[in-house]
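Student: missing the sequence, but the structure's below:
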């Protein structure tokens, strides 16, 4: 019944609240101290597969609570963070170190997490005997990039200059955005860095400084190499650049520029 309630979770706060509500009474009944520790940087509004994650964490908490142990803890830590993604560790830790301990639930939890695109790590600790770490990436809710067309018009000095900027952006972005999928499908970083540099510069022309800064940050991150998370972030950056261009075009058509 407890697992059923946890698996009904649709948000991260609901999942954590249900886990506490279900397993705190079990721990008290067995004389076990149960602690929940949350990283304050955790994005509580991130969408995610919380029903499946609830199944996996329930299995791990049940496994620890069934062990001969005095303390169990669930630590939720942000271990990777950028403008659009968080990598989170859900760590279930207890004082029991017996490697031969029942592992059916551990294997079932690992199967669930793998299907979600995550990984499960097992390690021994100093303050706790053993830790099971569920690592998952969460895409943060996207916000449309802000661009003040009237302020840009004023900065440029009128409609003629704005028309020129829109035309330049159109030329600079349209072919680059269309070719991104091909670049992402190829190995290496050099061409992607060049692409980000061009697009960030074009966005700077449009006074989309926040988005331009994100592009420059992604360009620097590529120095450390490619990763699926970084590739997804570049794709979202391209979508936001398309939004900026579409916004400028709409204003141009509306105002007859």
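Tutor: Arrived safely. What you are looking at is a predicted structure, and each value in this text was computed from that prediction instead of being measured. Numbering: from 1, shown residues only.
Student: quick check, residue 135 in contact with residue 120.
Tutor: Yes - with contact defined as Cβ atoms under 8 Å, residue 135 and residue 120 form a contacting pair (7.5 Å). Every residue, glycine included, has its C-beta placed from N, CA and C.
Student: got the contact list for residue 222?
Tutor: 189, 192, 193, 196, 230 (Cβ atoms under 8 Å, 6 or more residues apart in numbering).
Student: and of those, the nearest to residue 40?
Tutor: Minimum distance to residue 40 across these is 24.8 Å, recorded for residue 230 (Cβ to Cβ).
Student: run a quick neighbour tally on the residue lying closest to the closest one once chain neighbours are set aside.
Tutor: Excluding the flanking residues, the one nearest residue 230 by Cβ to Cβ, 6 or more residues apart in numbering is residue 221, at 5.8 Å. When counting by other Cβ atoms under 10 Å, one arrives at 19 neighbours for residue 221.
Student: element containing residue 221, please.
Tutor: helix 209-221 (DSSP states H and E).
Student: now the angle between helix 209-221 and whichever helix or strand comes after that helix, please.
Tutor: Moving toward the C-terminus from helix 209-221, the next helix or strand (DSSP H and E) is helix 228-255. Going by axes from the mean of the first three to the mean of the last three Cα atoms, to 10 degrees, helix 228-255 is angled at 150 degrees with respect to helix 209-221.
Student: about what we covered before: who does the helix holding residue 221 touch, helix- and strand-wise?
Tutor: In this structure, helix 209-221 packs against helix 190-205, helix 228-255, with contacts taken as 3 or more Cβ pairs under 8 Å, 6 or more residues apart in numbering; DSSP states H and E.
Student: quick one: contacts for residue 216?
Tutor: Residue 216 touches 196, 197, 200, counting by Cβ under 8 Å, 6+ apart.
Student: I meant residue 23, not that one.
Tutor: Residue 23 makes contacts with 2, 34, 61, 62, 65, as judged by Cβ under 8 Å, 6+ apart.
Student: redo that, cut-off 10 Å
Tutor: By Cβ atoms under 10 Å, 6 or more residues apart in numbering, the contact set of residue 23 is 2, 6, 32, 34, 36, 57-58, 61-62, 64-65, 72, 74.
Student: can you tell me the helix or strand for it?
Tutor: Here residue 23 is assigned to helix 12-29, by DSSP H and E.
Student: what is the subsequent helix or strand relative to that helix?
Tutor: Criterion used, DSSP H and E; the element after helix 12-29 is strand 33-38.
Student: show me where the stretch 51-200 of the chain has helices.
Tutor: Listed in chain order, the helices of the stretch 51-200 of the chain (DSSP state H, counting those that start in this stretch) span 104-115, 149-156, 159-178, 180-185, 190-205.
Student: what lies in contact with the longest one?
Tutor: For helix 159-178, the external contacting residues (Cβ under 10 Å, 6+ apart) are 149-150, 152-156, 183, 194-196, 198-199, 201-203, 205-208, 238-239, 241-242, 244-245, 248-249, 251-252, 255-257.
Student: with residue 156 as the reference, measure out to residue 245.
Tutor: 16 Å (Cβ to Cβ, to the nearest Å).
Student: and the two? Which one has more around it.
Tutor: Higher neighbour count among residue 245 and residue 156: residue 245, with 21 against 17, using other Cβ under 10 Å.
Student: the helices of the stretch 51-200 of the chain into TSV, with extra columns for distance to residue 131 and mean pLDDT?
Tutor: Putting the helices of the stretch 51-200 of the chain into TSV (distance: least, Cβ to Cβ, whole Å; pLDDT from 0 to 100) gives the following:
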stretch	distance to residue 131	mean pLDDT
helix 104-115	12	91
helix 149-156	51	78
helix 159-178	43	79
helix 180-185	35	89
helix 190-205	36	88
